[in-house]
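> Next one to model:
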Amino acid sequence: MPVILLAHTTGWPARIPVAMVVTAGAAYLLASRSAGGRTGAGFHRMRRSQRRRAAAYLAGLIFVLAALTGPIERYADELFWVHMVQHVLLLAVAAPLFVLAAPWALSLRLLQPNTRRRVVAWWRGAGSARPLRVVAALLAAPAAAWILFEANLIGWHVPAAFDLTLRSEPAHDVEHVLFLGLGMLFWTQVIDSPSLRPRLGNLQRATYVTAASAVGWALSIALTIAPSPLYAGYAGVAARPAGVSALADQRLAAGVMLVPGSIPFVVAALVSLIRWLSEDERPAAGPGSATRVAIRGPEGGA
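Numbers count the residues shown, from 1 in each chain. Prediction:
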């Protein structure tokens with residue numbers, strides 16, 4: 001409710017995104033409370049971890065709200081660089097925060113115990129669930145997640161597709177849903193998230209993220225060196241805010257993608273590299289034995 005009141009009093013459009021964010025936040029808090037019936041030291045440790053995940057989830061919701069409502073949404077159709085801010089907030093900020101939060105680990109808690117057991121049994125054994133399990137397995141493959149993420153990023157920046165989002169609100173909404181959804185799919189390969197098992201080791205994760213960011217760098221360079229505006233929807237804006245030209249606006253958008261948009265990817269790559277370098281430096285000394293280097297499997301995440 002405070003978010004909706006703020007939207008009305010400030011003139012921000014209190015549309016579907018506000019209701020979705022409020023509903024998602026309430027559902028998450030309800031599921032978190034349903035986990036509160038156990039006791040013991042292990043439970044308290046879990047609760048501390050859950051509080052950190054809840055903070056990540058609520059932060060993700062705030063960034064989604066900031067991207068889809070208010071000044072950013074208002075100026076996204078007039079300024080390309082503001083539209084690019086939307087993209088960055090969804091796929092590079094909110095998406096990894098949601099993966100850190102792991103809401104899927106709590107989603108089943110909203111169901112009654114008997115219903116939850118039937119759903120789990122159906123998923124694991126029912127023949128009707130097999131196609132869904134196959135699709136889930138395919139999407140969980142690192143190569144598939146990477147290709148879908150990059151194809152979506154490049155595809156929406158094709159001039160015809162981008163101009164469509166400026167003319168059609170449903171197309172614009174589909175674009176945002178895909179940026180957030182495929183962004184989460186991509187980041188599940190890099191960030192450890194309860195109930196999901198990333199298949200990549202730390203060095204592989206660093207390479208995976210770097211390769212993904214390189215595509216964004218190439219796209220931003222292409223936008224920067226283009227001699228004329230690529231998107232008719234922005235080139236045709238008669239009175240652009242602050243008097244910025246269409247070409248300057250396009251180059252500002254490239255800068256948003258290249259610099260702020262790269263920060264989460266660089267951080268993820270550095271964390272994965274640091275963890276990879278520290279893997280063989282952790283001693284594992286047993287009682288009465290000499291200290292030795294422990295060979296550890298893939299662990300951790302950005």
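> And the strands in the stretch 1-150 of the chain, which stretches?
Under the criterion DSSP state E, counting those that start in this stretch, the stretch 1-150 of the chain carries no strands.
> Which helix runs longest in the chain?
helix 41-68 (DSSP state H).
> Show me which parts of that helix are buried, residue by residue.
By 16 or more other CB atoms under 10 Å, the buried positions in helix 41-68 come out as 50, 53-54, 56-68. From N, CA and C alone the C-beta is placed, and that goes for glycine too.
> other SSEs contacting it?
Packed against helix 41-68 by the contact rule (3 or more CB pairs under 8 Å, 6 or more residues apart in numbering; DSSP states H and E) you find helix 16-33, helix 80-88, helix 95-101, helix 169-187.
> Looking at the shortest one now, give me its mean pLDDT.
For helix 95-101, mean pLDDT is 92.
> Mind listing residues that contact it?
Helix 95-101 is contacted by residues 28, 53-54, 56-57, 59-60, 63, 179-180, 183-184, 186-188, 190-191, 193, 264, 268, 302 when judged by CB atoms under 8 Å, 6 or more residues apart in numbering.
> The longest one now?
Contacts of helix 169-187 from elsewhere in the structure, counted by CB under 8 Å, 6+ apart, are 64, 67-68, 86-87, 90-92, 94-96, 98-99, 139, 145-146, 148-149, 152-153, 156, 164-166, 212.
> and if we set it to 6 Å?
Contact with helix 169-187 is made by 87, 90-91, 95-96, 98-99, 145, 148-149, 152, 156, 164-165, as judged by CB atoms under 6 Å, 6 or more residues apart in numbering.
> between those residues, which is closest to Gln250?
Lowest distance from Gln250 to these (CB to CB) belongs to His87, with 14.0 Å.
> Burial check on the closest one, number of neighbours?
23 (other CB atoms under 10 Å).
> quick one: contacts for it?
Neighbour list for His87: Phe179 [criterion: CB under 6 Å, 6+ apart].
> And for the one 3 residues further on?
Counting by CB under 6 Å, 6+ apart, Leu90 touches 67, 179-180.
> quick one: it from Phe186, how far?
According to CB to CB, to the nearest Å, Leu90 stands 12 Å off from Phe186.
> Measure how buried Val256 is and give me the count.
With other CB under 10 Å as criterion, Val256 counts 21.
> so which strand or helix has it?
Taking DSSP states H and E as the criterion, Val256 maps to helix 246-258.
> Below-threshold pLDDT in the stretch 1-150 of the chain: ranges please.
1-17, 30, 33-46, 105, 107-113, 116, 118-130, 133 (pLDDT under 70).
> ok so, going back, highest mean neighbour count out of the helices and strands packed on helix 41-68?
helix 95-101 (a mean of 25; mean count of other CB atoms under 10 Å).
> Centre of the chain to that one, how far?
6 Å (CA atoms, centre = their mean, to the nearest Å).
> And for stretch 257-268?
With CA atoms, centre = their mean as the basis, stretch 257-268 stands 13 Å off its chain's centre.
> Output it as CSV, restricted to C-alpha atoms.
C-alpha atoms of stretch 257-268 as CSV (Å, rounded to 0.1, in the frame of the first residue of the first chain):
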residue,chain,number,x,y,z
MET,A,257,25.3,-0.7,-21.4
LEU,A,258,29.1,-0.6,-21.4
VAL,A,259,29.8,0.8,-18.0
PRO,A,260,27.0,0.4,-15.4
GLY,A,261,25.7,-2.6,-17.3
SER,A,262,29.0,-4.4,-17.1
ILE,A,263,29.5,-3.9,-13.3
PRO,A,264,27.5,-7.0,-12.1
PHE,A,265,29.3,-9.2,-14.7
VAL,A,266,32.7,-7.9,-13.7
VAL,A,267,32.0,-8.5,-10.0
ALA,A,268,30.7,-12.0,-10.7
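> Kind regards, and thank you for your time.
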